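K.L.:
sequence unknown, structure follows:
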């Protein structure tokens, strides 16, 4: 996917392994995890500015804790020189009219003297979104929507730090269990400490989550092809359908 | 309108004059202007708590500066006892999936031990919204949508305090001019100090705003019926249409 | 509503109280009741012509008893000079293609030498209707459709004169009862003398009509706000819904 | 067409020649022409009653001059015994809600003691209409809609009697010309005496009507197949299309 | 129908009796039965060429046994001179994109030097089809679709020759029975020798087919009108509906 | 793609390299090229039967030259024992109602005593097709439609053998050029020997085809990533669009 995107005109790719395969340098901006760990968008921007080589532009991520408008203004004033851009990765639940949010952020930056700070947007961006946002956006970070196949979205999110429940806007904080009823196969997400394990249909809930990494190590060996196939057949059978 | 709403089952009305006409006591919550003037949702809640009689429930307004999620958590912890509710008046541009925002705020309040704090929602609420939000909302503040006629929305917003441009989320800050081109009748909104007054069609821009109140006094006398009718006819004529 | 209509360009209003509030003179044409009482459209026109000052135009109402076409021709010939216009208030059940009816009436008036008699239309007129009928109509009487809110239509109709059942075209004659089943809440309209008071669901029918005016006097005092609210809540409860 | 209709269950046919071919007796009711010639629906009903054998039911035609409601009541009272039915052939332009018209006529007949007089409907009746009107209609006269092919409707109408322009409701009275512009091929219908024969496109108007019967005789011989084919080709060519 | 078609511009008609009534000469091409009896499209073309007068154009029918593409190439080469056209009567089940089939046949004829052989198409042709196929088709044989009424298609097909099951492409070979369950009225088609005569609903199957011609003679007398009407009423009654 | 398909329950894969990566044995049936080279479906089936190990089932490919119906009957009778199945890869242009074609082939096989010969289908098969064809199909060969991304179909087809133009049903025979106008960018396909190289817009045609394999060797080295990206940008620029 990255190869096709790069061939078709994208400026770069952010996956390190893909960049290696293509023989180009990967590019990217501040992740939400840095903001969560340092406690504010401004702290994360300052830390990035302190450590990263000058040749890389400074782009502040402004949607982790607060609203795009006020975090953008704070980010614009956080360093000696205004950053190259603020990045809006606004979660879908807050994206009522993304074009309007951009217009407002642009207005506020201009009103307060930061006309030179661009707006970089990411999160669910596709061709339609680009045509709609081009008046205000200086660049885009495009993810799964660049694939030809309908994407199955997923994300890696911090939900707890040192035992405290915390998560970025748009995500529920705290460790959770993903449960599936062995009988009616309904799935629910509950806080990890939830005791009750009985479905309303009286079935027992099975835990679906399995740790992938633990203590920095892969938690278990990868399954074999034949095992995956058997598992898929059993899951399909569980749906009440059959394959011949 | 208020009379019909009250007859049909609403708990109360927030317009003081309407309450007088109905012979009931008006009710309401903290306005955005208080939050803007005091500088934070928490400060506004504390000031309200200090001044208002005990018999009125404490409801924190949590969408002026920050995101509903973190401001709700701060408001829940701001007073000695948790407030009765947090009020979400989320602006339309941030309302991507309002039900999801409520679910998330509910989750966070519960996760952090504030199961007793309700969620009160307002802003563009209609019958559809109520059916959608009932799982999470404890009450609603309904505005223009309660009228049978399609409403023409408008709002009173603070956009500048002591010369500093500031406005709540979803509104552009700073004093502005509303201009209409005398020739092509296009309308634009620009910062008040904008010098340029020429439309792209080469027509001159007229300023449409007129002060209503100045120094606490009504700025001009109300126009007469005949004048309003003449003005309406001239505006309609300006559209290139005619009335016989 | 009348104030907005007048401001927006309507020529006048027909409600006497509204005209007083606006400080203008009310205007209107012959009502159906006059035609019903005098027995024919022609008699009503002649009576109007005899009594009303010369400065008011003569407009014949032509849809009470007969068809628009032949009543228009009779009205055109009824006075010494042809009237200014005929008014078509055709009931909805007879309005298959109102434009075609106007075209036909226009044709007949022209064919018989009454090219100077205009056509004035009323009854359910809205913007769409006006655009459709402008080729043939000289004026419009617009009612509830001018309101921004979806109107709840109602009408005052004579259904009995001196004990004889009679009503204009489109209305059922005779005194009636409006009944609602106390059990399934189905509503029916029946002749007043109907004995049977049992619903097909076996429930008893309650009479919903109450006299408003009797012997020229208001039949009962107006209810209080609190009573109306209680009544509304009880009716809503009767629907099997609830308000908290 | 009549053969198929009769095979499929229709009670009879009204075309005399078709009845002969099928070997059955034709059936029908009073035509509009009789009402027009005698001057009223009541006169026509009385004349029919005087002349036609007792074995045929009396069915009054009630839509030639007046409204269905009052003409039905008059017809019900016109003979010594009430007729078997009134026939509503309401023109399309007056058919706003045909079901409502039937409900109203049924109500009035019942209210005035004519519960035994049925309602027979005709005019544009198809399967949909029958399903809709079955609650009130006792029978149907179905015309062109019974054919499988989309019908090309036409009618024979009296428009002038002894030099006076007169036509039933829904038809324009007086002799007319059907004109087609030789240049732009626009068609118009004008009173027969209209002098002006120039189209707005400056083309000359040709008269399309030709007398079929004159003084009781066929006015001209029927054209030959080859002539009709040549004529069709020339008309098609006139549309700016071509056939190879 | 044929008269209207001829009047409207069709070149001729293929029904012998219709041509007689119109006083013109009938026209047509090779039928599928000839190809089935002679065993190949090429044999049928040669037989036609041998017997039919020179003045009639040679048109090969190319869809009885094989695919349009290869049978067209064979037909083009079958006679001393290439035929005037190949006729494609492709069955509906093989008509995925009829325009593409024509394009391909045209390409193959041109590629192999038969640019002079036209393509004549038939089978379900209507106005839409003609507009779509005009780029490649030199002529059309139009059947039931030329009627104004929605046609009830039927066909005469050979399904057995000298006891051997054989049918053209798109038809199932062998003698069959058309059965209808006397109870649930489901219809099925089965090979003639099928023994089982019980429906899945346990009802008995009745045979619906009756021989029309046997040994060259009409097998039974035509039914009378009254009998047909009675039969229709009984069939309709069998549907669980009723006629009054 | 093959890995996912196999995991999700497909019986096998036909691409040799994919099978190697998965560690399973590839499977497949007779290709069209074998039928074209040997001259008939029957010859190809016999050759396959002679050479291929007994453990692999015999599946005849029956749509290269003729119609599915007659080629299926021939294939069923071609070997000593009937084959396991016939494979229908019917081209899209012949796929009017694929379910009907299968029903007919099934009928004919049964009628002629080959009830044991299954029907295997391929070509554009997706989930919808499978649900539709399951009554008659014993198995499916699924191609590009199994991918999540919308597939870009392509095929390798023989169009000339020893200098003679020949191609399977649904494909145009003979060597061709794919030309694109350098000016209006219209693309056309013409026989390879076509001299004319001028577009109707007067632009010159460029040849787009390049040989991939020649004399059994790769005709040119694979292009570098940077070259492909530059080429893509230049093609996009040619569309009158731009990338920044």
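P.N.:
Thanks, I have it. Fair warning: this is a prediction, and the values are worked out from it, not measured in the lab.
K.L.:
Spell out for me which residue occupies the centre of chain A.
P.N.:
residue A:155 (5.1 Å; Cα atoms, centre = their mean).
K.L.:
From chain D, how far out is it?
P.N.:
55 Å (Cβ to the nearest Cβ, to the nearest Å). Quick note: C-beta positions are derived from backbone N, CA and C, even for glycine.
K.L.:
So which residues of chain A form helices?
P.N.:
A:2-7, A:16-22, A:32-38, A:41-51, A:68-76, A:98-111, A:127-133, A:225-238 (DSSP state H).
K.L.:
which of those is buried the deepest?
P.N.:
helix A:68-76 (a mean of 24; mean count of other Cβ atoms under 10 Å in any protein chain shown).
K.L.:
how about stretch A:185-200 against chain B, any contact?
P.N.:
Yes: judged by Cβ under 8 Å from any Cβ of the partner chain, stretch A:185-200 comes into contact with chain B at residue A:191.
K.L.:
Kindly check the end-to-end length of that stretch for me.
P.N.:
11 Å (Cα to Cα, to the nearest Å).
K.L.:
Ok, stretch A:175-192 next?
P.N.:
5 Å.
K.L.:
ok, residues contacting it?
P.N.:
A:159-160, A:165, A:172, A:174, A:194, A:197, A:199, A:201-209, A:238-239, B:111 (Cβ atoms under 8 Å, 6 or more residues apart in numbering or on different chains).
K.L.:
Among those, name the buried ones.
P.N.:
Listed as buried from the contacts of stretch A:175-192 are A:159, A:165, A:172, A:174, A:199, A:203, A:205, B:111; burial here means 16 or more other Cβ atoms under 10 Å in any protein chain shown.
K.L.:
Now do the contacts for the closest residue to the fourth one other than its chain neighbours.
P.N.:
Setting aside the residues directly before and after it, residue A:174 is nearest to residue A:165 in space (Cβ to Cβ, 6 or more residues apart in numbering or on different chains), at 3.6 Å. Residues in contact with residue A:165 (Cβ under 8 Å, 6+ apart) are A:159, A:173, A:174, A:175, B:111, B:112.
K.L.:
Same list, those, but as JSON lines with pLDDT please.
P.N.:
Output for those, formatted as JSON lines (pLDDT from 0 to 100):
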{"residue": "A:159", "pLDDT": "96"}
{"residue": "A:173", "pLDDT": "96"}
{"residue": "A:174", "pLDDT": "95"}
{"residue": "A:175", "pLDDT": "94"}
{"residue": "B:111", "pLDDT": "95"}
{"residue": "B:112", "pLDDT": "96"}
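K.L.:
which one among those gets closest to chain E?
P.N.:
Nearest to chain E among the contacts of residue A:165 is residue A:159, at 53.7 Å by Cβ to the nearest Cβ.
K.L.:
Please tell me how far that closest one sits from residue A:122.
P.N.:
20 Å (Cβ to Cβ, to the nearest Å).
K.L.:
again, but for residue A:83
P.N.:
In terms of Cβ to Cβ, residue A:83 sits 16 Å off from residue A:122.
K.L.:
What of residue A:230?
P.N.:
39 Å.
K.L.:
next one: phi and psi at residue A:123?
P.N.:
phi 100, psi 100 (degrees, to the nearest 10).
K.L.:
burial of the spatially closest residue to it that is not a sequence neighbour, as a residue count?
P.N.:
Distances taken as Cβ to Cβ, 6+ apart put residue A:89 closest to residue A:123, at 4.6 Å, once the chain neighbours are dropped. By the criterion of other Cβ atoms under 10 Å in any protein chain shown, residue A:89 has 23 neighbours.
K.L.:
what residues are up against residue A:89?
P.N.:
Residues near residue A:89 by Cβ under 8 Å, 6+ apart: A:32, A:61, A:63, A:121, A:122, A:123, A:141.
K.L.:
Give the residue spans of chain A that score low on pLDDT.
P.N.:
Within chain A, the stretches with pLDDT under 70 are A:240-244.
K.L.:
and it, which of its residues are near chain F?
P.N.:
Checking chain A against chain F by Cβ under 8 Å from any Cβ, the hits are A:3, A:6-9, A:22-23, A:147-150, A:225, A:228-229, A:232-233, A:236, A:243.
K.L.:
how close does residue A:206 sit to residue A:152?
P.N.:
Per Cβ to Cβ, residue A:206 is found 21 Å from residue A:152.
K.L.:
now do residue A:114
P.N.:
In terms of Cβ to Cβ, residue A:114 sits 38 Å off from residue A:152.
K.L.:
And residue A:111, by the same measure?
P.N.:
Counting by Cβ to Cβ - residue A:111 and residue A:152 are separated by 41 Å.
K.L.:
Looking at the contacts of residue A:165, which is nearest residue A:72?
P.N.:
residue A:173 (23.8 Å; Cβ to Cβ).
K.L.:
thinking again about what came up before, just the buried ones among the contacts of stretch A:175-192: which are in strands?
P.N.:
Cross-referencing the buried ones among the contacts of stretch A:175-192 against strands under DSSP state E gives A:165, A:205.
K.L.:
Find the pair from the buried ones among the contacts of stretch A:175-192 with maximum spatial separation.
P.N.:
Most distant of the buried ones among the contacts of stretch A:175-192, by Cβ to Cβ, are A:165 and A:203, 28.6 Å apart.
K.L.:
Quick check, the residue in chain A closest to chain C?
P.N.:
residue A:200 (23.8 Å).
K.L.:
ok, how many other residues are close to that residue?
P.N.:
Residue A:200: 9 neighbours (other Cβ under 10 Å).
K.L.:
Next, it: phi, psi?
P.N.:
phi -70, psi -20.
K.L.:
now the one 10 residues further on
P.N.:
Residue A:210 adopts backbone torsions of phi -130, psi 140, taken as degrees, to the nearest 10.
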